[in-house]
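Trainee: build me a model from this:
(one chain, ligands or ions: 1)
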Amino acid sequence: MSTISTSLNSGRSSRLVILPMPAPQSRAQDVPVLFGPSPQACRPLWVGFVSSRSWPWNRIASRLLSPRSSCCHQPRLYSSTTISNRDSLRAGAPGTKRRRWGRGREGGAGPGMKLGRAVLGLLLLAPSVVQAVEPISLGLALAGVLTGYIYPRLYCLFAECCGQKRSLSREALQKDLDDKLFGQHLAKKIILNAVFGFINNPKPKKPLTLSLHGWTGTGKNFVSKIIAENIYEGGLNSDYVHLFVATLHFPHASNITLYKDQLQLWIRGNVSACARSIFIFDEMDKMHAGLIDAIKPFLDYYDLVDGVSYQKAMFIFLSNAGAERITDVALDFWRSGKQREDIKLKDIEHALSVSVFNNKNSGFWHSSLIDRNLIDYFVPFLPLEYKHLKMCIRVEMQSRGYEIDEDIVSRVAEEMTFFPKEERVFSDKGCKTVFTKLDYYYDD
Ligand SMILES: Nc1ncnc2c1ncn2[C@@H]1O[C@H](COP(=O)(O)OP(=O)(O)OP(=O)(O)O)[C@@H](O)[C@H]1O
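Mentor: Below is the predicted model:
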């Protein structure tokens, strides 16, 4: 492990501990960003006031009127005095002390904050006391109050903020899923209800943890993208969405201890900066057994872990593990002439979780996450049929600006391979390669 100086997207220069794993997608170089993804851009004007700790007025005002959500402003979590310590914090140096002004608003009001509110309330209610305060200080405090209140809100109108840019709309998410995701009635229903319920719960007891399973090309990554886009304007490229790919970020089994440490640090740093962070783990079935258990404490029912609340974060795991079980159920329904839409979650979920738990190549092999019921939903993605491939092809044609030609649609779909061999029901690559096959027919 070594350290380098690097320039982050925000333009600031910082020292980072090089991870043996490449940086996850999005601005993951920000790894343990304890001060928000873009402090220069979104630092409220009252930061200057609050760094002067000899002046309690400012502190009270800034705490009282801090932004509704974290909005990537972290002065409310860590005082400016910690800035000099941030390298050691990033490196997770044992014994490094964080200076806190009390919990962030998302973690609930601490005693100091309540006292501050009470004091300010009393002052506002008692004009004689207010008059007694030195006028310049009062003026500056009021200016701090105004800028602290207005600036962050204005900023978030024009730039992405943690959990603030837009509130999740159930209708918009439903429309996206209905219009874009084909043949996945179970996944649609679970995701809509789970994500919407979670985001609208002001005090979730634990982070939302979804484990998406299914055959290749059935829409697991696609759905993660839809979720991310419905929560953050930048979707997968958002500063608050972090994508890990097992083979890319955790390639060497011999480094598992190091990966565990780095993963914990990464998640802790980013959740400190934004409680509503989203972490997506792709290729879970290629993840070394036990690695994912490193984040178990973050997924559990704790109010705080090491001073950080993870209850508003979201974890999404993607894997092909359990695909055979899902296919068996779908095939049984097909063979008995039943509609696939009649498959219920209870027909699959339990068998799926057991098979994932007992599969050495699932990334969840004997995982305490399953053992302790920390996965909220096992979401099955059904294998896609011929008619779903045609739907994918039509969408692709439209997105390329072509007129829909049903003859080409059928020919592309027929080129795909299906299983089981005799019945040829399900596409063995889902919708994954239909797009490249389409190129053949539009070759000028
Ligand atoms: N059910 C679906 N409905 C609509 N489009 C789909 C569906 N499944 C896949 N697609 C299309 O195929 C592309 C590839 O699918 P995606 O990457 O989501 O598959 P996956 O299930 O994550 O596969 P893998 O397990 O191999 O990672 C998507 O970007 C999307 O355009």
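
Trainee: what residues does this protein put near the ligand?
Mentor: Contacts of the chain with the ligand, taken as CB under 6 Å from any ligand atom, map to 180-184, 214, 216-222, 320, 384, 392, 430-432. C-beta here means a position set from N, CA and C on the backbone, and glycine is covered the same way.

Trainee: so which bits of stretch 420-430 are buried?
Mentor: Using 16 or more other CB atoms under 10 Å as the burial criterion, the residues of stretch 420-430 that qualify are Val425, Phe426, Ser427, Asp428, Lys429, Gly430.

Trainee: and stretch 376-388, by the same measure?
Mentor: Going by 16+ other CB under 10 Å, stretch 376-388 has these buried residues: Asp376, Tyr377, Phe378, Val379, Pro380, Phe381, Leu382, Pro383, Leu384, Glu385, His388.

Trainee: state the distance from the fifth one to Trp215.
Mentor: The reference is to Pro380. The spacing between Pro380 and Trp215, counted by CB to CB, to the nearest Å, is 10 Å.

Trainee: which neighbours do the two share?
Mentor: Residues touching both Pro380 and Trp215 by CB atoms under 8 Å, 6 or more residues apart in numbering: Ile326.

Trainee: show me which pair in the buried residues of stretch 420-430 is furthest apart.
Mentor: Val425 and Lys429 (14.0 Å; CB to CB).

Trainee: let me see the contact set for Met441.
Mentor: Just to correct that, residue 441 is Tyr rather than Met. Applying CB under 8 Å, 6+ apart to Tyr441 gives the contacts Ile408, Arg411, Val412.

Trainee: phi, psi of it?
Mentor: Dihedral pair for Tyr441: phi -80, psi -10, per degrees, to the nearest 10.

Trainee: same deal with Ala187?
Mentor: phi -60, psi -40.

Trainee: same question for Gly214.
Mentor: phi 160, psi 170.

Trainee: how many neighbours does it have?
Mentor: When neighbours are defined as other CB atoms under 10 Å, Gly214 has 28 of them.

Trainee: distance of the closest residue to it other than its chain neighbours relative to Glu229?
Mentor: Distances taken as CB to CB, 6 or more residues apart in numbering put Phe381 closest to Gly214, at 2.7 Å, once the chain neighbours are dropped. Going from Phe381 to Glu229 by CB to CB gives 19 Å.

Trainee: likewise Glu171?
Mentor: 15 Å.

Trainee: the more surrounded of those two?
Mentor: Glu229 (18 against 8).

Trainee: could you measure the more buried one against the ligand, distance?
Mentor: 13 Å (CB to the nearest ligand atom, to the nearest Å).

Trainee: contacting residues around the residue nearest to that residue when sequence neighbours are not counted?
Mentor: Excluding the flanking residues, the one nearest Glu229 by CB to CB, 6+ apart is Gly235, at 3.8 Å. For Gly235, the contact set (CB under 8 Å, 6+ apart) comprises Lys225, Ala228, Glu229, Val241.

Trainee: do you know the pLDDT at Gly235?
Mentor: For Gly235, the model assigns a pLDDT of 92.

Trainee: that one and the ligand, how far apart?
Mentor: Gly235 is 13 Å from the ligand, by CB to the nearest ligand atom.

Trainee: from here on, count from 445
Mentor: Fine by me, first position is 445 from now on; the one you just mentioned is Gly679.

Trainee: beta partners of Val749?
Mentor: Note on Val749: beta-bridge partners by DSSP bridges are Val752.

Trainee: show me what contacts it?
Mentor: Arg712, Pro741, Phe742.

Trainee: in the protein, where is pLDDT below threshold?
Mentor: When residues are selected by pLDDT under 70, those of the chain lie in 445-578, 590-603, 607-611, 887-888.

Trainee: of the contacts of Gly679, which is the most crowded?
Mentor: Val685 leads the contacts of Gly679 on contacts (other CB under 10 Å) with 30 neighbours.

Trainee: that residue and Asn674 touch, don't they?
Mentor: No: judged on CB atoms under 8 Å, Val685 makes no contact with Asn674 at a distance of 11.3 Å.

Trainee: just the element for Thr653, please.
Mentor: For Thr653, the host element (DSSP states H and E) is strand 652-658.

Trainee: I should have written Gly588 there, sorry.
Mentor: helix 579-602.

Trainee: just the closest residue of the stretch 745-888 of the chain to the ligand, please.
Mentor: Per CB to the nearest ligand atom, the residue of the stretch 745-888 of the chain with the smallest distance to the ligand is Cys875, at 3.6 Å.

Trainee: give the contact list for that residue.
Mentor: Here Cys875 is in contact with Phe626, Gly661, Thr662, Gly663, Leu828, His832, Leu833, Cys836 (criterion: CB under 8 Å, 6+ apart).
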